[in-house]
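> compute the structure for the input listed below.
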Amino acid sequence: MPASTQPPAGHSASLARALGWACLVPIVLLAVQRGWWAPDEPRYAQVAREAYESGSLIVMHLCGELYPDKPPLVYWLAGLCGSLANWSEFAMRLPSLLATAGTAWISMRLARRFFGELEAAWVVLFFLGTVMVTEIGGRLQLDPVLTFLCFGALDLLVRDEERVPAGRALAAGLLLGLAALAKGPVAWTHVGFALLGFALLPAALRRTPRLSLAGWLALVGGAILPVAGWAALAIQHEPALLKPLLFGQHVGRITAGTQHRGPLWNHITGMTPLLLPWTFLVLAGLGLAWREFRAARAAPLANPWLVRLAGWFALEFAFFSIIPVKRDLYLLPLYPVAALLAARCQAEFLRRGRSAAWVACAPAVVLLLAGAILVAASNAALVEALAARFAKAQDAAFLVGFGPGLLAVGLCLAAGGIAALLLRRRSHAAGPALAAGAGFLLASVAAGLFVVPRLDRVKSAREFALLIAARPEKPTLIPCEGVHPEGYRFYAGIPAGRAPILSTLESEGERYLALAEDFIYERLTDAERARVTILERGRVGSREVLLLGRAPQTR
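Sure thing, here's the model as predicted:
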């Protein structure tokens, strides 16, 4: 696998490498500064906590009920970290943080192996320094661990040797099996699309790992054994899991297409902003791969890896666009591939001594415009006017409080955009990219310090859960309708669970409490509303949540 001839990485490459790893700072900061944010984190945190507190590490439960949705690896890891640190959110996010850093490290290894040192110097910045990875990389999610394990398996399979040794094939299979134990059989598709994308290219560009029969058996066996072994044990403990684990939670979801349904172009409109500020560089990398693919018809390429990576990206992107279930998070394993494409394109620009004008100017303009919008939005008078026009009265003061934070974020983005435009005049490819990356990094840190803590007051259920826990009523069950109960259970240990809000009114008597989204309460008949009273109002995420108690006249 020949690496392209290239000049020494130089000063700009060293800066890019340092800036790339510095992008871990806002990811860690966001993990420290916020509580559990819906839709997934409160649920995953509560499943992990219940697994350790109940001792049921094979069969997962959520709020005391059977939870068949996902395999347990991330819950095991997060629960272990949480149990050792008094259920700290940051501790439970450590598996995601370490997996994100590990994926960046593997991406650097692959860039060095496929291309050379210059690409390896830039790829970390293009992976960690994106909107998507900054937001998701430190959250309690399944996908960062999935991505790391899938890339670890590929790192072992795609080497220079003619034949993959059986021992390494087994190690790759076990990593792939652990990836399936993190999120299910979808893990196999991510690695499968990579190998298929390499194999479907014309003969001169094709690259398939060569394994002996023993190697293939080791790879397939390792990929199946961890998740199949757990599923067998779980079904033995709880036979009701048979259908969900063998069909409903993977093939069934895809064929039904009822959850996270989206249009064919969903990932085009979703991934474009989430790759910022490097969207245009990734597109340029895909364009460069297309030109190399066409050139390969006339003469063999010295290094076909850019075309192979583009084939992998296109094939997997097309599959996830075609299936009815769509969510931006599902494409997280494609972000390191996009970073490799961008790094290769950036390295080519550096070797030429200049980049395409649109590639350098477009991200600078986007940063500058975003910064200008945020600076304008930080104006207190403007926010008050907009809040009075479009928001509820009780939200106005809360929205105005974001002003200083938005100003700091906006100024960082605008400064990065201006610097990138100024450096573009010097006709050097490294300057605009470094300036854009620095602006995005500083803006992310400012958001973590000044915006996220205030936003956490409504995104996390912590405050409202503690308020409920302090009340004198101590019901045996707090029914929740239109409200996810897991965050309340995690933060305050209150017995919240999914049930109709009036279902416990008679049995609980004076102790009755219930949680409902405002529209659920409004749907009650006049007679039903007369039986309950609103004790507290709160905002959790986009939901206005009502705490209901027994009406005085019915006591």
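
> can we go C-alpha only for contacts and neighbour counts from here?
OK.

> so what secondary structure elements neighbour the host helix or strand of residue 188?
If you go by DSSP states H and E, residue 188 is part of helix 186-199. Under the contact definition 3 or more Cα pairs under 8 Å, 6 or more residues apart in numbering; DSSP states H and E, helix 186-199 sits against helix 143-157, helix 166-183, helix 305-322.

> for that helix, what is the average pLDDT?
For helix 186-199, the mean pLDDT works out to 91.

> can you give me the strands for this structure?
Taking DSSP state E as the criterion, the chain carries its strands at 61-62, 65-66, 478-481, 496-498, 513-517, 532-540, 543-550.

> give the buried residues for the helix holding residue 188.
Across helix 186-199, burial judged by 16 or more other Cα atoms under 10 Å covers 186-188, 190-199.

> export that helix as PDB, just CAs?
The C-alpha coordinates for helix 186-199 follow below in PDB (Å, rounded to 0.1, in the frame of the first residue of the first chain):
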ATOM      1  CA  VAL A 186     -25.900  -2.800  12.600                       C
ATOM      2  CA  ALA A 187     -22.300  -3.000  13.600                       C
ATOM      3  CA  TRP A 188     -21.700  -5.700  11.000                       C
ATOM      4  CA  THR A 189     -23.100  -3.400   8.300                       C
ATOM      5  CA  HIS A 190     -20.600  -0.700   9.000                       C
ATOM      6  CA  VAL A 191     -17.600  -3.000   8.600                       C
ATOM      7  CA  GLY A 192     -19.400  -4.900   5.800                       C
ATOM      8  CA  PHE A 193     -20.000  -1.800   3.700                       C
ATOM      9  CA  ALA A 194     -16.300  -0.800   4.100                       C
ATOM     10  CA  LEU A 195     -15.100  -4.200   2.800                       C
ATOM     11  CA  LEU A 196     -17.900  -4.300   0.100                       C
ATOM     12  CA  GLY A 197     -17.100  -0.800  -1.000                       C
ATOM     13  CA  PHE A 198     -13.400  -1.800  -1.500                       C
ATOM     14  CA  ALA A 199     -14.300  -5.000  -3.300                       C
END
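
> quick check: angle from it to helix 143-157?
Orientation note: helix 186-199 sits at an angle of 40 degrees relative to helix 143-157 (axes from the mean of the first three to the mean of the last three Cα atoms, to 10 degrees).

> re the thing from before, and the buried residues of helix 186-199 as TSV, adding distance to residue 213?
Shown next, in TSV, are the buried residues of helix 186-199 (distance: Cα to Cα, whole Å):
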residue	distance to residue 213
186	24
187	23
188	19
190	23
191	19
192	18
193	21
194	21
195	17
196	19
197	22
198	20
199	18
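
> widest-spaced pair of those?
186 and 199 (19.8 Å; Cα to Cα).

> any idea which residue sits dead centre in the protein?
When Cα atoms, centre = their mean is applied to the chain, the residue found nearest the centroid is residue 136 (3.4 Å).

> confidence score at that one?
For residue 136, pLDDT reads 96.

> just the helices in the stretch 351-500 of the chain please.
Using DSSP state H, counting those that start in this stretch, the helices of the stretch 351-500 of the chain run over residues 357-377, 380-390, 393-400, 403-424, 430-446, 452-459, 462-469, 486-492.

> is it possible to export the ones you listed to a markdown table including mean neighbour count?
Formatted as a markdown table, the helices of the stretch 351-500 of the chain follow (neighbours: other Cα atoms under 10 Å):
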| stretch | mean neighbour count |
| --- | --- |
| helix 357-377 | 20 |
| helix 380-390 | 15 |
| helix 393-400 | 15 |
| helix 403-424 | 24 |
| helix 430-446 | 26 |
| helix 452-459 | 19 |
| helix 462-469 | 18 |
| helix 486-492 | 23 |
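
> turn those helices into CSV, columns for distance to residue 317 and mean pLDDT.
Below are the helices of the stretch 351-500 of the chain laid out as CSV (distance: least, Cα to Cα, whole Å; pLDDT from 0 to 100):
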stretch, distance to residue 317, mean pLDDT
helix 357-377, 22, 89
helix 380-390, 37, 63
helix 393-400, 37, 59
helix 403-424, 29, 91
helix 430-446, 25, 94
helix 452-459, 31, 90
helix 462-469, 37, 93
helix 486-492, 33, 94
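
> closest to residue 120 out of these?
Smallest distance to residue 120 across the helices of the stretch 351-500 of the chain (Cα to Cα): 14.4 Å, for helix 430-446.

> for the closest one, which outside residues touch it?
Counting contacts by Cα atoms under 8 Å, 6 or more residues apart in numbering, the residues outside helix 430-446 that touch it are 12, 15-16, 19, 22-23, 25-26, 29, 125, 129, 134, 277, 350, 360-361, 363-364, 367, 405, 408-417, 419-424.

> if we use 6 Å, what do you get?
Helix 430-446 is contacted from outside by 26, 360, 409, 412, 413, 416, 419, 420, 423, 424, using Cα atoms under 6 Å, 6 or more residues apart in numbering.

> and which of these is nearest residue 211?
Closest to residue 211, out of all of the contacts of helix 430-446 and judged by Cα to Cα, is residue 26, at 41.5 Å.

> where's residue 433 relative to residue 542, distance?
Separation of residue 433 from residue 542 (Cα to Cα, to the nearest Å) stands at 36 Å.
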